[in-house]
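Engineer: need the 3D shape of this:
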Amino acid sequence: MRALVKITLTLIAVGALAFTATAGTLEDVKARGELRCVVSTGIAGFAYPDSGGTWRGFDIDFCRATAAAILGDASRFKAVTSTGKTRFTKLNSGEGDVLWRNTTITFSRDVNIKLTFVGVNYYDGQGFMVKKSLGVKSALDLDGASVCIQSGTTTELNLADYFRTNNMKYEAVVYEQNSEVRPSYLSGRCDVYTTDASGLAATRSTFPNPGSHMILPEIISKEPLGPATRQGDDQWADIIRWVYNATVTAEEKGITSANVNSMKSANDPEIKRLLGTEGNLGAELGLSKDWAYQIIKQVGNYGEIFERNIGTNTPIGLARGLNDLWTRGGLQYSPPFR
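Structural biologist: Numbering: from 1, shown residues only. Okay, the predicted model is just below:
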């Protein structure tokens, strides 16, 4: 009996140690005073260093929102750059705390790579870009084409499936980084560049003559892009999930970075809970009462983040489309704050 008790206590102790080892991301970030955010090596509009070396973009703003929620200061984050091949290793090894990097949610990434995806902050799909001088109007005209792609992405499999389904052949020209694909495509090393349609628009915006290139009408896949955390730290996954949800709910409720102070006195109970003037939602996450207020005040709501970085009035020029609110025909929808 005594031996059984000893074994049981040992197993409990081991389990506690395992939990401590995997469930301390929030404590680590607070102790460090800095969020480590895994991002791309550079995609216009999504994650890129400006001329002064400051990281900006749609993905970066969600890094900033996370830092604002946890540390009260949107600037207290470090961009941990990664390629398509290294992004999951950098997250799972602990080099980064969270992955905010145009990453498609898939079965294998969830189940085999042991990631926890906590929402879709951008609904996308894979497309094709060609030079207008090629005279191509449809992806079905690409039989025999050479195609530039980035390795370590869902793009490779989608491309193979599409060409096989349509009885077409292609030559794959594979690179590890987007920065390598761009000059290869422009120099004529490949006829076609394929990636998520948002990535094509972002890359095209950096060309000397963007109008000389067209994105073909076909979208050949579903690419739900979203943030990921390591499996085994439910509290941390909850924080990232509700950081994203806070930006969407803020837009739904008409709360912006400009009016968030006055909205604290709104009569809407959900706004009061969101902004921390009522209830105890922050404490339930291990955060301050004003965690969502800090996100909105320092970074903005989902619509502000979208329009500032990739919207129709930016060089990227993306319409909201599926990424509009559900009340306007899109898919962006947050569970309630209650």
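
Engineer: which stretches of the protein have low pLDDT?
Structural biologist: Low-confidence segments of the chain (pLDDT under 70): 1-23.

Engineer: and the helices in the stretch 101-250 of the chain?
Structural biologist: Listed in chain order, the helices of the stretch 101-250 of the chain (DSSP state H, counting those that start in this stretch) span residues 107-111, 155-165, 178-186, 197-204, 234-252.

Engineer: turn those into CSV, including mean neighbour count.
Structural biologist: Backbone N, C-alpha and C define where each C-beta goes, glycine included. Formatted as CSV, the helices of the stretch 101-250 of the chain follow (neighbours: other CB atoms under 10 Å):
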stretch, mean neighbour count
helix 107-111, 11
helix 155-165, 16
helix 178-186, 18
helix 197-204, 24
helix 234-252, 23
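
Engineer: could I get these as JSON lines with distance to S138?
Structural biologist: Formatted as JSON lines, the helices of the stretch 101-250 of the chain follow (distance: least, CB to CB, whole Å):
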{"stretch": "helix 107-111", "distance to S138": "30"}
{"stretch": "helix 155-165", "distance to S138": "12"}
{"stretch": "helix 178-186", "distance to S138": "19"}
{"stretch": "helix 197-204", "distance to S138": "15"}
{"stretch": "helix 234-252", "distance to S138": "35"}
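
Engineer: which parts of the protein are strands?
Structural biologist: Taking DSSP state E as the test, the strands found in the chain are 35-40, 48-49, 55-56, 77-82, 98-99, 115-117, 122-124, 126-131, 145-150, 170-175, 192-196, 213-215, 223-225, 228-230.

Engineer: can you lay out these as CSV showing mean neighbour count and distance to L275?
Structural biologist: Formatted as CSV, these follow (neighbours: other CB atoms under 10 Å; distance: least, CB to CB, whole Å):
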stretch, mean neighbour count, distance to L275
strand 35-40, 26, 22
strand 48-49, 18, 31
strand 55-56, 19, 26
strand 77-82, 22, 23
strand 98-99, 27, 23
strand 115-117, 21, 27
strand 122-124, 21, 25
strand 126-131, 22, 39
strand 145-150, 21, 40
strand 170-175, 16, 45
strand 192-196, 27, 34
strand 213-215, 17, 40
strand 223-225, 23, 28
strand 228-230, 25, 25
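
Engineer: for V248, find the nearest of those strands.
Structural biologist: Nearest of the strands of the chain to V248, taken as CB to CB: strand 122-124 at 12.0 Å.

Engineer: what are the pairing partners of that closest one, and which direction each?
Structural biologist: With DSSP bridges as the test, strand 122-124 is paired with strand 223-225 (antiparallel).

Engineer: how does this structure divide up, domain by domain?
Structural biologist: According to automatic domain parsing, the chain comprises the domains 23-123+225-328, 126-221.

Engineer: which stretch among those domains comes nearest R338?
Structural biologist: Using CB to CB as the measure, domain 23-123+225-328 is the one of the domains of the chain that comes nearest R338, at 6.4 Å.

Engineer: run the chain-centre distance for that closest one.
Structural biologist: 8 Å (CA atoms, centre = their mean, to the nearest Å).

Engineer: of all the helices of the stretch 101-250 of the chain, which one comes closest to I296?
Structural biologist: Checking the helices of the stretch 101-250 of the chain against I296 by CB to CB gives helix 234-252 as the closest, at 5.0 Å.

Engineer: which other helices and strands contact the closest one?
Structural biologist: Under the contact criterion of 3 or more CB pairs under 8 Å, 6 or more residues apart in numbering; DSSP states H and E, helix 234-252 touches helix 25-32, helix 58-71, strand 228-230, helix 269-275, helix 281-285, helix 291-298, helix 302-309.

Engineer: now that helix and helix 302-309, what's the angle there?
Structural biologist: Relative orientation of helix 234-252 versus helix 302-309 (axes from the mean of the first three to the mean of the last three CA atoms, to 10 degrees): 80 degrees.

Engineer: alpha carbons of helix 234-252, in PDB - could you do that?
Structural biologist: The C-alpha trace of helix 234-252 is given here as PDB (Å, rounded to 0.1, in the frame of the first residue of the first chain):
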ATOM      1  CA  ASP A 234      -4.500  26.300 -22.500                       C
ATOM      2  CA  GLN A 235      -4.300  29.600 -20.600                       C
ATOM      3  CA  TRP A 236      -2.000  31.100 -23.300                       C
ATOM      4  CA  ALA A 237      -4.100  29.800 -26.100                       C
ATOM      5  CA  ASP A 238      -7.100  31.400 -24.500                       C
ATOM      6  CA  ILE A 239      -5.300  34.800 -24.300                       C
ATOM      7  CA  ILE A 240      -4.400  34.800 -28.000                       C
ATOM      8  CA  ARG A 241      -7.900  33.700 -28.900                       C
ATOM      9  CA  TRP A 242      -9.500  36.500 -27.000                       C
ATOM     10  CA  VAL A 243      -7.000  39.100 -28.100                       C
ATOM     11  CA  TYR A 244      -8.200  38.400 -31.700                       C
ATOM     12  CA  ASN A 245     -11.900  38.200 -30.600                       C
ATOM     13  CA  ALA A 246     -11.500  41.600 -28.800                       C
ATOM     14  CA  THR A 247     -10.600  43.300 -32.100                       C
ATOM     15  CA  VAL A 248     -13.600  41.800 -33.900                       C
ATOM     16  CA  THR A 249     -16.100  42.600 -31.100                       C
ATOM     17  CA  ALA A 250     -14.700  46.200 -30.900                       C
ATOM     18  CA  GLU A 251     -15.500  46.700 -34.600                       C
ATOM     19  CA  GLU A 252     -18.900  45.100 -34.200                       C
END
